[in-house]
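Chemist: What follows is a predicted structure for the sequence shown.
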Amino acid sequence: MEVAGRGVVEEAERRVYLLMNKPPEIMSTMADPEGRKTLRNLLRGFPSRVYPVGNLEYASTGLVFMTNDGDLAAELLKKWEHLEQIYYIKIKGMLTLVDLERVGKALA
């Protein structure tokens with residue numbers, strides 16, 4: 001935008017913060033080389049470019065935080081391992097104590 005004939009003033013990009021409930025069988029990325037559905041498919045028609053911070057597994061559901069604020073995203077990712085994360089899993093059938101111990105170690 002030109003102001004009073006004195007030059008161009010760049011507008012700061014408007015920050016966007018979006019929380020989305022990711023359904024199962026959606027990649028929590030914006031592109032997938034295997035052609036699976038991604039968050040981009042859920043954002044059709046959304047006017048701003050946003051990117052996910054962190055990710056969820058393909059089959060899982062849950063809250064995904066998306067933003068175009070690169071500074072905030074970098075800060076959150078830097079502290080990611082210190083954020084409490086809770087996982088709920090559903091298992092068909094019965095687990096033995098050995099199986100339960102193995103699952104616990106895999107999740108730790």
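Modeler: Arrived safely, thanks for sending. Numbers count the residues shown, from 1 in each chain.
Chemist: got the contact list for the residue nearest the centre of the chain?
Modeler: The residue lying closest to the centre of the chain (CA atoms, centre = their mean) is Pro52, at 3.5 Å. Counting by CB atoms under 8 Å, 6 or more residues apart in numbering, Pro52 makes contact with 28-30, 39, 64-66. Every residue, glycine included, has its C-beta placed from N, CA and C.
Chemist: Could I get the full set of strands for this protein?
Modeler: For the chain, applying DSSP state E gives strands covering 17-22, 51-53, 62-67.
Chemist: Pipe those into CSV and attach distance to Lys78 per row.
Modeler: Shown next, in CSV, are these (distance: least, CB to CB, whole Å):
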stretch, distance to Lys78
strand 17-22, 18
strand 51-53, 11
strand 62-67, 15
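Chemist: Least confident secondary structure element in the protein?
Modeler: Within the chain, no helix or strand scores below helix 97-107, which has a mean of 84 by mean pLDDT, DSSP states H and E.
Chemist: same for it, what does it pack against?
Modeler: The helices and strands touching helix 97-107, judged by 3 or more CB pairs under 8 Å, 6 or more residues apart in numbering; DSSP states H and E, number zero.
Chemist: Using CSV, write out every CA atom in it.
Modeler: What follows is helix 97-107, C-alpha atoms only, in CSV (Å, rounded to 0.1, in the frame of the first residue of the first chain):
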residue,chain,number,x,y,z
LEU,A,97,0.4,-58.9,32.3
VAL,A,98,3.3,-59.3,29.9
ASP,A,99,1.4,-57.6,27.1
LEU,A,100,0.4,-54.8,29.4
GLU,A,101,4.0,-54.3,30.5
ARG,A,102,5.1,-54.2,26.9
VAL,A,103,2.5,-51.6,25.9
GLY,A,104,3.5,-49.5,28.9
LYS,A,105,7.2,-49.5,27.9
ALA,A,106,6.3,-48.7,24.3
LEU,A,107,4.3,-45.7,25.4
